[in-house]
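Asks: sharing a model prediction with you, sequence too.
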Amino acid sequence: MVSVEDTGIGIPLRAQDRVFTPFMQADSSTSRHYGGTGIGLSISKCLVKLMGGQINFISRPQIGSTFSFSVVFRRCKTNAFNDLKKPSSDDLPTAFRGLKAIVVDGKPVRAAVTRYHLKRLGILAEVASNIGIAVAIFGKNVSVASG
């Protein structure tokens, strides 16, 4: 069993029956004050269900919530990881190969991850931290292509 305790605002009794519903917040102001979209618990429930487990919670308004899930795993054989098929670029779609993209993202790590996945699809991607840099990159590429 895995449990996560949150000493936040808790979940009002009237909202507890829909806590695992996608895009639902206990209160419409919750996402403004605390962030989030209301999809995390729905995804968690789906993942636990896919693993054959159960998820539940206990919540007390103004005190907090405890979310728990339990899953039974089988012991795997020692060479199980070698049996997994390693993804290769041959398995990826070829329709995107040779395309170009500019990734505009102010968060360098997220931009690098996006660029990595685009590269795996065969897309040549440059990264810009803001729209001004992206416009400059685009202008440079357009003038090179036309000149």
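Replies: Thanks, I have the structure now.
Asks: mean confidence for stretch 21-28?
Replies: Averaged over stretch 21-28, pLDDT sits at 65.
Asks: and stretch 72-89, by the same measure?
Replies: Averaging pLDDT along stretch 72-89 gives 70.
Asks: again with stretch 115-130
Replies: So the average pLDDT for stretch 115-130 ends up being 92.
Asks: that one: end-to-end distance?
Replies: Taking CA to CA, to the nearest Å, stretch 115-130 runs 15 Å from one end to the other.
Asks: in the chain, which spans are strands?
Replies: With strands called from DSSP state E, the chain shows them at 2-6, 54-60, 64-70, 100-104, 124-128.
Asks: the first one pairs with which strands?
Replies: Which is strand 2-6. The sheet places strand 2-6 alongside strand 64-70 (antiparallel), with pairing taken from DSSP bridges.
Asks: next, the angle strand 54-60 makes with the strand it pairs with.
Replies: Angle of strand 64-70 versus strand 54-60, following axes from the mean of the first three to the mean of the last three CA atoms, to 10 degrees, is 170 degrees.
Asks: what are the contacting residues of strand 64-70?
Replies: Outside of strand 64-70, the residues within contact range by CB atoms under 8 Å, 6 or more residues apart in numbering are 1-11, 41, 44, 48, 53-59. Where C-beta positions appear, they are placed from N, C-alpha and C, glycine not excepted.
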